[in-house]
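Colleague: Predicted model follows, preceded by the sequence.
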Amino acid sequence: MAAVLAIGFGLNFALGRSSFGAPASVHLHALLFVGWTGLYVLQTGLAATGSLALHRRLGWLAVGWLPAMVLAGTYVTVMSVRREAVPFFSTPGYFLIMNPLGVLTFAGLSGAAMVLRRRTQWHRRLMLCGMAVLTGPGWGRFAPVPLLIPHAGLGVIALVLLFPLAGMLWDLRSRGRVHPAWWWGIGTILAMQVLIEIVPATPLGGAIYRAAAAGSPAAGHDRLAYPPFPPGFPIPHP
């Protein structure tokens, strides 16, 4: 999962699609999310090598880290909509709902895993499901999901689900049955995606967009219209 994020964002930078000239809020957002990824990898390694005392102590960092990620992710999303900096394969209304719901789902699954930290089998699986949600932006930056427009979001979520599905397969091969935590994790992710697909086109989605875009150039845009595509993109504009 860390590799997906590193490849996706690294490729984005290498191709000149992003730069260090982004607003300070974007850099803070990046530090929080990269830091969480590093912490997740470290925590997995500590648990795997039996360093459980340090694993438990570091785990308390999440109490403050998760809310900070939710706030930063939501703020950067709103500012991106206001600056008309939405990815070309997503409509502004969809993007505005997708990112906050994604980070809330990640935080909810990770928070549930913390509550169930004494039930190791639940804890480790729900943490993985939460981390899988965070790979969505990584997949979207290097997988050919733009070719799936107007269903790019569904393509991304299919890739995200590869990780918990791999966990289910591991359970079947090693334990002979699938742990129920996987069903709860995957069910939560699917529920998130259903809302992402439905809400943008509803009156609620319209109200959220108007509130977020008020006073910015984006206020006069159709929230369900795609931004301009890059020159030479191989499919017609939806």
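Modeller: Happy to help now that I have it. Numbering: from 1, shown residues only.
Colleague: low-confidence ranges in the chain?
Modeller: For the chain, residues meeting the criterion pLDDT under 70 lie at 17, 19, 232-238.
Colleague: can you give me the helices in it?
Modeller: Using DSSP state H, the helices of the chain run over 2-14, 24-48, 52-59, 62-82, 92-115, 120-134, 136-142, 152-160, 162-175, 180-198, 203-213.
Colleague: Centroid-wise, who is the farthest residue in this structure?
Modeller: Within the chain, the residue lying farthest from the chain centre (Cα atoms, centre = their mean) is residue 176, at 30.6 Å.
Colleague: What separation is there between it and residue 163?
Modeller: 21 Å (Cβ to Cβ, to the nearest Å). From N, CA and C alone the C-beta is placed, and that goes for glycine too.
Colleague: and if you look at residue 116?
Modeller: 19 Å.
Colleague: burial count for residue 122?
Modeller: 19 (other Cβ atoms under 10 Å).
Colleague: mind listing what it touches?
Modeller: By Cβ atoms under 8 Å, 6 or more residues apart in numbering, the contact set of residue 122 is 113, 116, 179, 181.
Colleague: Highest neighbour count among these?
Modeller: residue 181 (26 neighbours).
Colleague: contacting residues for it?
Modeller: 121-122, 125-126, 129.
Colleague: can you check residue 110 too?
Modeller: Residue 110 neighbours (Cβ under 8 Å, 6+ apart): 62, 66, 126-127, 130-131.
Colleague: Most neighbours among those residues, which one?
Modeller: residue 126 leads these on contacts (other Cβ under 10 Å) with 27 neighbours.
Colleague: now that one: how far from residue 109?
Modeller: 5 Å.
Colleague: re the thing from before, the contacts of residue 181 into JSON lines, with extra columns for distance to residue 148?
Modeller: Shown next, in JSON lines, are these (distance: Cβ to Cβ, whole Å):
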{"residue": "121", "distance to residue 148": "35"}
{"residue": "122", "distance to residue 148": "33"}
{"residue": "125", "distance to residue 148": "28"}
{"residue": "126", "distance to residue 148": "28"}
{"residue": "129", "distance to residue 148": "23"}
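Colleague: closest to residue 13 among those residues?
Modeller: residue 129 (27.8 Å; Cβ to Cβ).
Colleague: for that closest one, what are its contacts?
Modeller: 109, 163-164, 181-182, 185-186, 188-189.
Colleague: again, 7 Å this time
Modeller: Contact analysis of residue 129 by Cβ atoms under 7 Å, 6 or more residues apart in numbering lists 109, 164, 185, 189.
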